[in-house]
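A.B. asks: Provide a 3D model corresponding to the input given below.
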Amino acid sequence: MLAIIEQWEDGSGCHTDNADKYLLLMLFKLGLDIVVFYLSSRRFYTSFLSMCSLSIVLADLVMTFCIATVWFLGTGRSLVSLCFLLATASATYAALPIPIICLGTLDYYLENYWICNQRTFCKVLRTIVFTLLVWMLAVFYSFGSAKTELVELDYETGTNLLVCEVEESTLVNYLTLGLLITVLFAATPFWSRIPQWVKEADRLSELREEQENQRSDLFTSTNCMETKACEQKYLNETVGSRPPLWFSLTLGFATFWVPYLVVTVGCLAFGFGVPAYITINLLWLECTNSLLVGLLFWAKSKTLGPYSHLPENMCLWHIYWHLSKGTQQHQLPAAVFNPSKGEKNTFLSV
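C.D. replies: Presented below is the predicted three-dimensional model:
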């Protein structure tokens with residue numbers, strides 16, 4: 001795709017420099033990523049994808065600063081051109097998805113099976129090495145693929161454009177399209193029951209919050225019989241069959257991420273080209289993290305049920321496990337109060 005750097009009309013003397021528009025675009029993306037990073041509230045050293053979140057925010061900050069410098073100094077006085085920044089950044093970001101997905105999967109595998117998985121130093125070292133490796137591969141790729149030369153286009157109407165070629169993240173676009181199609185096909189046989197199951201999941205989540213509040217209040221004595229009565233009342237009010245586990249987990253993913261998938265696929269369907277330095281953001285990274293954690297939870301739940309330890313993510317996998325299997329033999333997971341752990345995570349809703 002082509003990014004319009006400058007444009008002017010023959011004979012009119014009207015000249016437009018679009019550097020300010022690209023600066024506003026990057027400021028919007030940087031603000032969005034900071035909000036997502038803050039609301040996800042994850043410790044950046046706990047996993048490779050958490051460290052990637054921090055690195056993308058820092059990369060956005062550097063790119064925003066560079067574009068602001070070019071805009072402030074002007075094309076003639078800045079050390080690098082706006083075309084160089086946009087082309088290099090788009091090529092770099094476009095190279096990130098494959099290594100991030102592969103190393104993220106490897107990191108979660110090592111987290112569960114490597115003997116060093118409980119040592120904080122090893123976690124930090126592994127995440128730093130993986131993150132540096134990803135960015136090194138992406139930067140090396142950009143050196144060979146980025147086209148930083150300006151191209152002038154002259155139209156018969158008298159409009160002249162200076163354009164620069166930037167890359168789209170085709171892989172992310174089609175992975176997102178594939179995810180949305182998969183979710184829609186999976187939901188088709190259960191379409192009429194989905195609203196009921198979503199309401200049941202909300203009630204299970206409320207019940208879990210009540211248990212957390214009761215267990216975290218050190219000055220209030222809880223009545224176990226009242227809690228059991230609430231659970232029994234919930235079970236008696238539940239109507240209809242429960243979803244199979246695979247679809248229940250799919251529903252847990254879809255209720256959170258379908259809006260993001262629809263917006264991304266909508267841009268693709270209507271021909272709104274989005275460069276890779278915008279497409280690769282923390283919403284995409286958190287969506288990828290939720291997908292990997294969901295697959296990990298599904299695999300571990302066959303032997304551990306809902307009690308498997310999961311990396312931090314935004315989907316309520318335990319709740320949707322109970323939506324499928326019920327709560328008769330498994331108490332809903334509730335956090336035990338621990339002052340050393342700080343506040344619980346805040347979940348972002350897209």
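
A.B. asks: Which of the helices and strands in the chain ranks last by mean pLDDT?
C.D. replies: Within the chain, confidence by mean pLDDT, DSSP states H and E is lowest for helix 224-237 among all helices and strands, at a mean of 47.

A.B. asks: can you tell me the helix or strand for Thr16?
C.D. replies: Assigned by DSSP states H and E, Thr16 belongs to strand 15-17.

A.B. asks: Enumerate every residue touching Val139.
C.D. replies: Thr92 (CB atoms under 8 Å, 6 or more residues apart in numbering). Just so you know, the C-beta spots here come from the backbone N, C-alpha and C atoms, and that holds for glycine as well.

A.B. asks: So for stretch 106-121, first residue to last residue, what's the gap.
C.D. replies: Stretch 106-121 has an end-to-end distance of 18 Å (CA to CA, to the nearest Å).

A.B. asks: OK, contacts around the residue most central in space within the chain?
C.D. replies: Nearest to the geometric centre of the chain sits Glu286, at 2.2 Å (CA atoms, centre = their mean). Applying CB under 8 Å, 6+ apart, we find Glu286 in contact with Val36, Ser40, Ser53, Asn313, Met314, Leu348.

A.B. asks: can you put those residues in TSV and add distance to Thr148 and neighbour count?
C.D. replies: Output for the contacts of Glu286, formatted as TSV (distance: CB to CB, whole Å; neighbours: other CB atoms under 10 Å):
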residue	distance to Thr148	neighbour count
Val36	30	20
Ser40	34	20
Ser53	28	23
Asn313	38	25
Met314	37	22
Leu348	36	17
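
A.B. asks: Give me the subset of these lying in strands.
C.D. replies: Assignment to strands by DSSP state E places none of the contacts of Glu286 there.

A.B. asks: strand partners of the strand holding Thr16, parallel vs antiparallel please.
C.D. replies: Strand 15-17 sits in its sheet next to strand 2-9 (antiparallel), going by DSSP bridges.

A.B. asks: mind listing what's buried in the partner strand?
C.D. replies: Residues of strand 2-9 classed as buried: Ala3, Ile5, Glu6, Gln7, Trp8 (neighbour count, 16 or more other CB atoms under 10 Å).

A.B. asks: got it, and stretch 178-185?
C.D. replies: Result for stretch 178-185 [16+ other CB under 10 Å]: buried residues Leu179, Leu180, Val183.

A.B. asks: now what about it, what contacts it?
C.D. replies: Residues outside stretch 178-185 that contact it (CB under 8 Å, 6+ apart) are Thr250, Phe253, Ala254, Trp257, Val258, Leu261, Val262, Val265, Leu291.

A.B. asks: Repeat that for stretch 145-165.
C.D. replies: Under CB under 8 Å, 6+ apart, the answer for stretch 145-165 is 1-12, 81-84, 86-88, 90-92, 167.

A.B. asks: CA-only coordinates of it, as PDB, when you get a sec.
C.D. replies: Extracted C-alpha coordinates of stretch 145-165, given in PDB (Å, rounded to 0.1, in the frame of the first residue of the first chain):
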ATOM      1  CA  SER A 145      12.500  -5.400   2.500                       C
ATOM      2  CA  ALA A 146      11.800  -1.700   3.300                       C
ATOM      3  CA  LYS A 147      11.500   0.600   0.300                       C
ATOM      4  CA  THR A 148      12.400   4.000   1.500                       C
ATOM      5  CA  GLU A 149      12.400   5.900  -1.800                       C
ATOM      6  CA  LEU A 150       9.800   8.500  -2.400                       C
ATOM      7  CA  VAL A 151       7.700   8.100  -5.600                       C
ATOM      8  CA  GLU A 152       6.000  11.000  -7.400                       C
ATOM      9  CA  LEU A 153       2.700  10.400  -9.000                       C
ATOM     10  CA  ASP A 154       1.200  12.900 -11.500                       C
ATOM     11  CA  TYR A 155      -2.400  12.800 -12.400                       C
ATOM     12  CA  GLU A 156      -4.100  14.300 -15.400                       C
ATOM     13  CA  THR A 157      -6.300  16.400 -13.100                       C
ATOM     14  CA  GLY A 158      -3.200  18.300 -12.000                       C
ATOM     15  CA  THR A 159      -2.800  16.600  -8.700                       C
ATOM     16  CA  ASN A 160       0.700  15.600  -7.700                       C
ATOM     17  CA  LEU A 161       1.500  13.100  -4.900                       C
ATOM     18  CA  LEU A 162       4.700  12.100  -3.100                       C
ATOM     19  CA  VAL A 163       4.000   8.600  -1.900                       C
ATOM     20  CA  CYS A 164       5.900   6.000   0.000                       C
ATOM     21  CA  GLU A 165       5.400   2.200   0.000                       C
END
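
A.B. asks: Run the chain-centre distance for it.
C.D. replies: Stretch 145-165 sits 34 Å away from the centroid of its parent chain (CA atoms, centre = their mean, to the nearest Å).

A.B. asks: Where does the prediction get shaky in this protein?
C.D. replies: Scanning the chain for pLDDT under 70 picks out the ranges 13, 41-45, 113-118, 212, 214-240, 306-308, 327-350.
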